[in-house]
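Chemist: please find the sequence and the predicted model below.
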Amino acid sequence: MTRASLDKQPHEVASMFDRVAANYDLTNDVLSLGQDRVWRKEVAKAVDARPGQKVLDLAAGTATSSLPFAATGAYVVPCDFSLGMLMEGKRRNSWLPLTAGDATKLPFKDDVFDTVTISFGLRNVQDTDAALRELYRVTKPGGQVVICEFSQPTWAPLRTVYTEYLMRALPPVARAVSSNPDAYVYLAESIRAWPDQPALAGLLQKAGWSKVAWRNLSGGIVALHRGTKA
């Protein structure tokens with residue numbers, strides 16, 4: 001098994017990410033045409049981490065996404081269920097408290113974190129509702145969630161071009177730069193099957209989050225959702 005299927009069996013998804021860990025960040029940079037760096041900056045602004053705050057970075061992979069939060073003086077916990085990703089992250093950033101954990105059964109107590117965030121990982125969780133409830137559980141009252149995820153372009157011509165890129169251009173590019181190109185076929189399929197912006201906002205509200213809102217990035221290719229724990 002070199003790729004997961006859309007039923008997102010946890011062992012298949014974890015195994016798939018284990019295989020791409022070494023070149024994951026480079027591959028994402030190439031496939032997104034460098035836009036992933038812009039998206040990470042927007043996430044950092046939304047999280048607005050402060051010294052002394054506790055931040056959970058779920059689906060952190062190699063912990064590249066955690067570095068901007070740590071740079072502010074916040075205490076950041078990168079968490080992922082791919083041991084391959086965590087091992088690569090530990091090799092690069094041994095000082096960070098990388099933690100193995102399943103998004104639907106987080107290994108943390110209630111009301112621990114000031115901010116919980118997940119970038120491009122919620123789409124890979126088998127039970128989205130359970131993950132959103134778990135994020136809510138481990139967040140302090142008054143804390144926030146920040147979710148960065150692929151979404152649906154709002155402009156029809158861009159949506160058409162983007163869909164063509166996902167299904168036609170992305171696989172051959174992935175074959176050129178990735179150690180497991182089949183994983184990026186799953187990537188394209190999972191993006192197409194993912195809820196749009198209003199639908200994800202509805203799932204957040206269902207899980208208990210209030211003041212839910214989103215902002216489109218790159219014309220809606222990516223959306224930044226936020227919510228607050230009352």
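Modeler: Good, I have the coordinates.
Chemist: which strand runs longest in the protein?
Modeler: When the chain is parsed with DSSP state E, its longest strand is strand 139-150.
Chemist: buried residues in that strand, which are they?
Modeler: Going by neighbour count (16 or more other C-beta atoms under 10 Å), the buried part of strand 139-150 is 139-140, 143-150. Where C-beta positions appear, they are placed from N, C-alpha and C, glycine not excepted.
Chemist: ramachandran coordinates for Val43?
Modeler: phi -60, psi -40 (degrees, to the nearest 10).
Chemist: look up how far Gly61 lies from it.
Modeler: The spacing between Val43 and Gly61, counted by C-beta to C-beta, to the nearest Å, is 13 Å.
Chemist: before we move on, the earlier item: what lines up beside the longest strand of the chain in the sheet?
Modeler: strand 113-119 (parallel), strand 222-228 (antiparallel) (DSSP bridges).
Chemist: which residues sit against the last one?
Modeler: So that's strand 222-228. For strand 222-228, the surrounding residues in contact (C-beta atoms under 8 Å, 6 or more residues apart in numbering) are 35, 39, 42-43, 46, 142-151, 197, 200-201, 204-205, 209-217.
Chemist: okay, now Leu83: neighbour count?
Modeler: Each residue near Leu83 was counted by other C-beta atoms under 10 Å, and the total is 14.
Chemist: was I right about it contacting Ala100?
Modeler: Yes: taking C-beta atoms under 8 Å as the definition, Leu83 is a contact partner of Ala100 at 6.4 Å.
Chemist: tell me which residue lies farthest from the centre of this structure.
Modeler: What lies farthest from the middle of the chain is Pro157; by C-alpha atoms, centre = their mean that is 26.1 Å.
Chemist: how near is that residue to Leu96?
Modeler: 42 Å.
Chemist: check Trp155 too.
Modeler: Trp155 is 38 Å from Leu96, by C-beta to C-beta.
Chemist: the two - which one has more neighbours?
Modeler: Regarding Trp155 and Leu96, a neighbour count based on other C-beta under 10 Å identifies Leu96 as having more, with 18 against 12.
Chemist: need phi/psi at the more buried one.
Modeler: Dihedral angles for Leu96 - degrees, to the nearest 10 - are phi -90, psi 150.
Chemist: ok, it - contacts?
Modeler: Taking C-beta under 8 Å, 6+ apart as the test, what Leu96 contacts is 63, 66, 70, 76, 78, 89-90.
Chemist: now, which of those lie within strands?
Modeler: Per DSSP E, these map to strands at 76, 78.
Chemist: out of the contacts of Leu96, which end up buried?
Modeler: Buried among the contacts of Leu96 by 16+ other C-beta under 10 Å: 63, 66, 70, 76, 78, 89.
Chemist: nearest to Lys54 among these?
Modeler: Val76 (8.0 Å; C-beta to C-beta).
Chemist: so how far is Pro68 from that closest one?
Modeler: 9 Å.
Chemist: out of the buried residues of strand 139-150, what pair is the most spread apart?
Modeler: Lys140 and Phe150, at 28.3 Å, using C-beta to C-beta across the buried residues of strand 139-150.
Chemist: quick check: neighbours shared by Val76 and Pro68?
Modeler: By C-beta under 8 Å, 6+ apart, the residues touching both Val76 and Pro68 are Ala49.
Chemist: any idea how far apart the tips of stretch 89-106 sit?
Modeler: 19 Å (C-alpha to C-alpha, to the nearest Å).
Chemist: picking up where we left off before, including distance to Ala169, could the contacts of Leu96 go into JSON lines?
Modeler: Shown next, in JSON lines, are the contacts of Leu96 (distance: C-beta to C-beta, whole Å):
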{"residue": "Ala63", "distance to Ala169": "29"}
{"residue": "Ser66", "distance to Ala169": "30"}
{"residue": "Ala70", "distance to Ala169": "35"}
{"residue": "Val76", "distance to Ala169": "34"}
{"residue": "Pro78", "distance to Ala169": "31"}
{"residue": "Gly89", "distance to Ala169": "29"}
{"residue": "Lys90", "distance to Ala169": "34"}
